[in-house]
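Colleague: pasting the sequence and the predicted model now:
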Amino acid sequence: MCGIVGNITNKPIKDLLINGLTELEYRGYDSVGIAIIGSDNKISIIKNKGKIKDFANKYQNKSIQGNLGIGHTRWATHGIPSETNAHPIYDSDKKLAVVHNGIIENYLEIKKDLIKEGFEFFTDTDTECIANLISSFLKKNYTMIDSITKTSERIIGHAAVLVISEYFPSMIFGFKKGFAGSILISKNNGEISISSDLHALSFDVGDYVVLEDNEIFSANSNKVEIYTDKKLISKEWKKINDKSELVNKGKYKYFMEKEIYEQPNLFLDNFSGRIDFVNKSISFIEEMNKIDLRRLKRIHLIGMGSSYNACLLGSYWIEKIAKIPTVCSNSSEFRYRDPVIEEGTLIIPVSQSGETADTLSASHLMKQSGYDQLSIVNSKNTELERITNNSIYMRANKEIGVASTKTFMSTLQILFTLALYLAQNSNSKLINSKLFDDYKNIPNYMNNILDNAELIKKISKKYSEYSNFLYLGRGYNYPIAMEGALKLKELSYIHAEGYPAGEMKHGPLALI
């Protein structure tokens, strides 16, 4: 999941952009870059394959003066991870630069047409088509806003884009189309900060606005203007008052290690306001007040990666405890198979970031069809929260580690609590009171496991020489086997697969 930042400031611009990108590092990336308009009104781009820390060290002595710039962290989709393909991307004449989250599905067709117009291409990215397409319209004497509007209309796919140009050296432009993540624009005392994420905005105070689908903006130090259908519109600005405290590793060597050890306390926090252990009751009053449970016949959970694995286990719990038919779909497949959804189905999309593109697309499809939705997210003010308009928060605080740990556990906790709530709502006799007692003790069980960290290290060392792993599980343990295999792949780059234990003899056994 790529990240974008932009700044108009009177402070050192390079450091400000790098700090913003560092705040987006948790989203994952393979390359990084920034573009700055200098005092000579020329655009300078510096970029690098690899980590932000290495990028900052490489260019720490490179003096780039300016008050305006944009930056990007990239996960490669079109074109291999490389310095050339890293963003920002110039247009053919190097008069403007673009950063882009998303995928342009018809980029080859656009590229072919632009080559006929005389434009050159120097990267393998779809993003370069956006830069050259805007440039093409500018050369035909369209205004920048009209050029961006026509570019947005021409592309098919999803895009969150920032643009700077030597023709407008004091301005940042941008647009949003589809579900490529958020663009948040903030202002404070004559400065502008733009980011994919509220946490990465440069200001701890001030106002911000969220760009919606098919909206275009222009910004300078004095004002921000937002357009849709070429018309200037007014939008509600919100106060920046929800930025979490600065995150640090404390006594831990890695953020992921810290986040693993946070889980028992987070589990306790998630009990607050939701579970009454004395009266053995569940309350989701605020989160469920827009859901008509009298109409509820079925539940459909949607997620990807760790969220999908959590959804799968959650579907088992809801059926077992609440006796409500529940299915689980991978977001990336959901919208491509013409799903038949029964009336009275509650759609529950799950995304830690609230910005997972395929999950956003699936949720938007269900919104268009008029189904009730209840999203489970960790971050507030996200795209998924806005689509569903009804969310349960993981309360896991910011997760820096790319591999999900505490948010996976928080998702499981919410789904289990939701199963209890639905059972309570339909028939309290469905709930075994012992469930509450066992549930209350889970943080203690977690601490017991964490107390055995040294033993776990010894076991991991014993098996560290193996190059292939099969994780097997039955029933509730099958989704956990899937998650275990995913974690080994994500963190160790070792081949691993999760299978139902009963499927062992149908394929996997032949490889042993």
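Modeller: Done, it's in.

Colleague: use CA for all of it now, contacts and neighbours both
Modeller: OK.

Colleague: what about residue 320, distance to residue 398?
Modeller: The gap separating residue 320 from residue 398 is 32 Å, by C-alpha to C-alpha, to the nearest Å.

Colleague: have a look at those two and say which one is more surrounded.
Modeller: Higher neighbour count among residue 320 and residue 398: residue 398, with 19 against 15, using other C-alpha atoms under 10 Å.

Colleague: the more buried one: what secondary structure?
Modeller: coil (DSSP: H, G, I helix; E, B strand; the rest coil).

Colleague: quick one, domains of the protein?
Modeller: With automatic domain parsing as the criterion, the domains of the chain are listed as 3-239, 255-450, 452-512.

Colleague: who's residue 193 bridged to?
Modeller: Assessed by DSSP bridges, residue 193 has beta-bridge partners residue 7, residue 186.

Colleague: contacting residues around it?
Modeller: For residue 193, the contacting residues are 5, 6, 7, 8, 185, 186, 187, 201, 202, 203, by C-alpha atoms under 8 Å, 6 or more residues apart in numbering.

Colleague: which parts of the stretch 151-300 of the chain are strands?
Modeller: Ranges of strands in the stretch 151-300 of the chain, per DSSP state E, counting those that start in this stretch, are 157-165, 168-177, 184-188, 191-195, 207-210, 215-219, 224-228, 231-233, 238-239, 275-276, 281-282, 298-303.

Colleague: leaving out sequence neighbours, find the closest residue to residue 68.
Modeller: residue 8 (4.5 Å; C-alpha to C-alpha, 6 or more residues apart in numbering).

Colleague: can you check residue 322 too?
Modeller: With sequence-adjacent residues excluded and distances taken as C-alpha to C-alpha, 6+ apart, residue 322 is closest to residue 423, at 4.1 Å.

Colleague: okay, that neighbour: pLDDT?
Modeller: Per-residue confidence (pLDDT) for residue 423: 89.

Colleague: can you confirm it is in a helix?
Modeller: Yes. Judged by three-state DSSP, residue 423 forms part of a helix.

Colleague: I figured it hits residue 317, correct?
Modeller: No. If you go by C-alpha atoms under 8 Å, residue 423 and residue 317 don't touch, sitting 10.6 Å apart.

Colleague: what's the weakest-modelled helix or strand in the chain?
Modeller: Using mean pLDDT, DSSP states H and E, the weakest-scoring helix or strand in the chain turns out to be helix 285-288, at a mean of 68.

Colleague: can you get me the start-to-end distance on stretch 93-107?
Modeller: 19 Å.

Colleague: show me where pLDDT drops low in this structure?
Modeller: 1, 26, 28, 205, 241-248, 285-286, 428-430 (pLDDT under 70).

Colleague: thinking again about what came up before, of the contacts of residue 193, which is the nearest to residue 212?
Modeller: The closest of the contacts of residue 193 to residue 212 turns out to be residue 185 (C-alpha to C-alpha; 11.4 Å).

Colleague: and the closest one, how many neighbours does it have?
Modeller: 25.

Colleague: which ones are touching the residue lying closest to it once chain neighbours are set aside?
Modeller: Closest residue in space to residue 185, ignoring its immediate chain neighbours: residue 194 at 4.5 Å, by C-alpha to C-alpha, 6+ apart. With contacts defined as C-alpha under 8 Å, 6+ apart, residue 194 is in contact with 4, 5, 6, 7, 183, 184, 185, 186, 201.

Colleague: and residue 102, its phi and psi?
Modeller: phi 120, psi -170 (degrees, to the nearest 10).

Colleague: so of the domains of the chain, which one's packed in deepest?
Modeller: Highest mean neighbour count of the domains of the chain: domain 3-239, a mean of 20 (counted as mean count of other C-alpha atoms under 10 Å).

Colleague: look at it and report the distance between its end residues.
Modeller: 22 Å.

Colleague: so how far is it from its chain's centroid?
Modeller: 18 Å (C-alpha atoms, centre = their mean, to the nearest Å).

Colleague: then stretch 412-425?
Modeller: Mean-position distance between stretch 412-425 and its chain equals 25 Å (C-alpha atoms, centre = their mean).

Colleague: nearest to residue 18, out of the strands of the stretch 151-300 of the chain?
Modeller: Proximity to residue 18 (C-alpha to C-alpha) singles out strand 191-195 among the strands of the stretch 151-300 of the chain, at 12.1 Å.

Colleague: quick revisit: columns distance to residue 69 on top of the strands of the stretch 151-300 of the chain, output as a markdown table?
Modeller: Compiled in a markdown table, the strands of the stretch 151-300 of the chain are given as follows (distance: least, C-alpha to C-alpha, whole Å):
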| stretch | distance to residue 69 |
| --- | --- |
| strand 157-165 | 8 |
| strand 168-177 | 8 |
| strand 184-188 | 14 |
| strand 191-195 | 10 |
| strand 207-210 | 18 |
| strand 215-219 | 12 |
| strand 224-228 | 16 |
| strand 231-233 | 24 |
| strand 238-239 | 24 |
| strand 275-276 | 48 |
| strand 281-282 | 49 |
| strand 298-303 | 35 |
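
Colleague: closest one to residue 450 among those strands?
Modeller: With C-alpha to C-alpha as the criterion, residue 450 lies closest to strand 275-276 of those, at 24.7 Å.
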